[in-house]
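K.L.:
turn this into a model:
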Amino acid sequence: MALIVQKYGGSSVADAESIKRVAKRVVDTRRAGHDVVVAVSAMGDTTDELLDLANEVAPIPAPRELDMLLSSGERISMALLAMAIHSMGFEARSFTGSQAGMITDSQHGAARIVDVTPVRLREALDEGAIVIVAGFQGFNRDTRDITTLGRGGSDTTAVALAAALSADVCEIYSDVDGIFTSDPRIIPTAQKLDHISSEEMLELAANGAKVLYIRAVEYARRHGVLIHARSTFSSSEGTYVLGEGMKNPREAEEAEMEEPIVAGVATDFSQAKITVAGVPDVPGKAAEIFKIVAKSGANVDMIVQNVSATGRTDISFTVPKADAAGALKSLAAEQNEVGFSNLVHDDQIGKLSVVGAGMRTHSGVSAILFEALSAGGINIEMISTSEIRISVVLRDSDLAEAARTVHTAYGLDGEIEATVHAGTGR
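P.N.:
Just a heads-up that it's a prediction; the model follows:
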């Protein structure tokens, strides 16, 4: 008997029929002799609909009340799923995040898990029940308020539960069959990976891959949780995300895994570029600029500084589109103090990233990328690298074609088209 944690996303519980389909899968796992804990997201687009409703009644909703509102979506899902399981003759008990012992900090809308005390869940499991937990939410002990974890919070909930309960595996279900070499909605010939390292998955998630969220992958890596990403809509095996020292469950005990040169190609349309033009080329000016940006709350990704020929230079950097307005406002307020000429905002960019642990031991990986983009007539605006990643900024209109060209150049194309069962990738 194993303890299995399963997470089902919004597309997996989008309506009554979908919930019954999930209930059957959960019951089948229980019939196979396993203990089961399930974390669920809100149904379909419920969270977005609740956000829209909040914005209709208040231009800037109070953060505490917004968390109270948004956390209701997962409570609906958990109760309906428990009812469906009961109708199949199995006992199921649903728990909110606070009842499940998900203890967080006090940051409304983007809370972080600080502790998990699953006492009631363990009692329910010991009594033979299937446990259903509302994802995306927790409880702060100091304020005694409900909090939400932000985008991808249900993934993080599931992984945190798996760690706290010492589960054998955390199965993350979505509407794609696993983790692919690229987004199958952009590249239909992307191949499903048998396994991927948590290090590679972190890079892919950080650079636009949405099948798993970065916080969940990082939590799993830190706490030694085995993730199995698979589809709600098929029974096929998915993709295992392996932390350091983990064996692929499909392979023999003594089998050695050879890392592919490139694991995947990620695309990201969510970035904007800000250029601070005419910066005095003296020590300390870059520090001033990025201190201002940090205070605005913007998260800087890529940075490029031009070579100075006139005593002044341009500094360009990328931030999430949602953070750009705040960063621009903060910089403009300090223009005279810093002494730059003007600001340029560009939100028509896209980021392409090539990720692979095999880059450490193979030369020529970057040459393939740049040759492929050159052959396609695609211009590169910025470049950033890490030990296992190369990222480039392009025009957003070129990004999809660039991804297809690069995917082919690295020999990642499969012979059959991938299936996205519900069309969202989540």
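K.L.:
now the spatially most central residue of the chain: closest residue in space that isn't a chain neighbour?
P.N.:
Centroid-nearest residue in the chain: Tyr213, 1.8 Å away (criterion: Cα atoms, centre = their mean). Once flanking residues are discounted, Tyr213 sits nearest to Gly152: 2.7 Å by Cβ to Cβ, 6 or more residues apart in numbering. All C-beta atoms are positioned from the backbone trio N, CA, C, and that covers glycine.
K.L.:
is it true that that neighbour touches Arg215?
P.N.:
Yes. Contact criterion Cβ atoms under 8 Å: Gly152 and Arg215 qualify, at 6.0 Å.
K.L.:
where does the stretch 151-300 of the chain have low pLDDT?
P.N.:
252-259 (pLDDT under 70).
K.L.:
what are the ranges of the strands in it?
P.N.:
In the stretch 151-300 of the chain, the segments counted as strands under DSSP state E, counting those that start in this stretch are 169-174, 195-197, 227-231, 239-242, 264-268, 271-280.
K.L.:
need those in a markdown table (columns: mean neighbour count and distance to Leu69).
P.N.:
Shown next, in a markdown table, are the strands of the stretch 151-300 of the chain (neighbours: other Cβ atoms under 10 Å; distance: least, Cβ to Cβ, whole Å):
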| stretch | mean neighbour count | distance to Leu69 |
| --- | --- | --- |
| strand 169-174 | 25 | 25 |
| strand 195-197 | 23 | 36 |
| strand 227-231 | 24 | 30 |
| strand 239-242 | 24 | 32 |
| strand 264-268 | 26 | 29 |
| strand 271-280 | 20 | 29 |
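K.L.:
how long is stretch 48-66 from one end to the other?
P.N.:
One end of stretch 48-66 sits 12 Å from the other (Cα to Cα, to the nearest Å).
K.L.:
equivalent analysis for stretch 127-143, please.
P.N.:
Note: stretch 127-143 ends 32 Å apart using Cα to Cα.
K.L.:
what about that stretch, distance to the chain center?
P.N.:
21 Å (Cα atoms, centre = their mean, to the nearest Å).
K.L.:
ok, and for it, which residues are buried?
P.N.:
By 16 or more other Cβ atoms under 10 Å, the buried positions in stretch 127-143 come out as Ala129, Ile130, Val131, Ile132, Val133, Ala134, Gly135, Phe136, Gln137, Gly138, Phe139, Asn140.
K.L.:
count of neighbours near the residue nearest to Tyr213?
P.N.:
Gly152 has 21 neighbours, counted by other Cβ atoms under 10 Å.
K.L.:
cool, Arg21 as well?
P.N.:
Using other Cβ under 10 Å, Arg21 has 17 neighbouring residues.
K.L.:
mind listing what the residue nearest to Tyr213 touches?
P.N.:
Neighbour list for Gly152: Leu212, Tyr213, Ile214, Arg215, Ala216 [criterion: Cβ atoms under 8 Å, 6 or more residues apart in numbering].
K.L.:
closest to Asn336 out of the strands of the stretch 151-300 of the chain?
P.N.:
strand 271-280 (12.2 Å; Cβ to Cβ).
K.L.:
so what does the closest one touch, helix or strand wise?
P.N.:
helix 285-295, strand 312-320, helix 321-333, strand 342-346, strand 349-355 (3 or more Cβ pairs under 8 Å, 6 or more residues apart in numbering; DSSP states H and E).
K.L.:
most tightly packed of the ones you listed?
P.N.:
Highest mean neighbour count of those: strand 349-355, a mean of 26 (counted as mean count of other Cβ atoms under 10 Å).
K.L.:
pairing partners for it, with directions?
P.N.:
strand 264-268 (antiparallel), strand 389-395 (antiparallel) (DSSP bridges).
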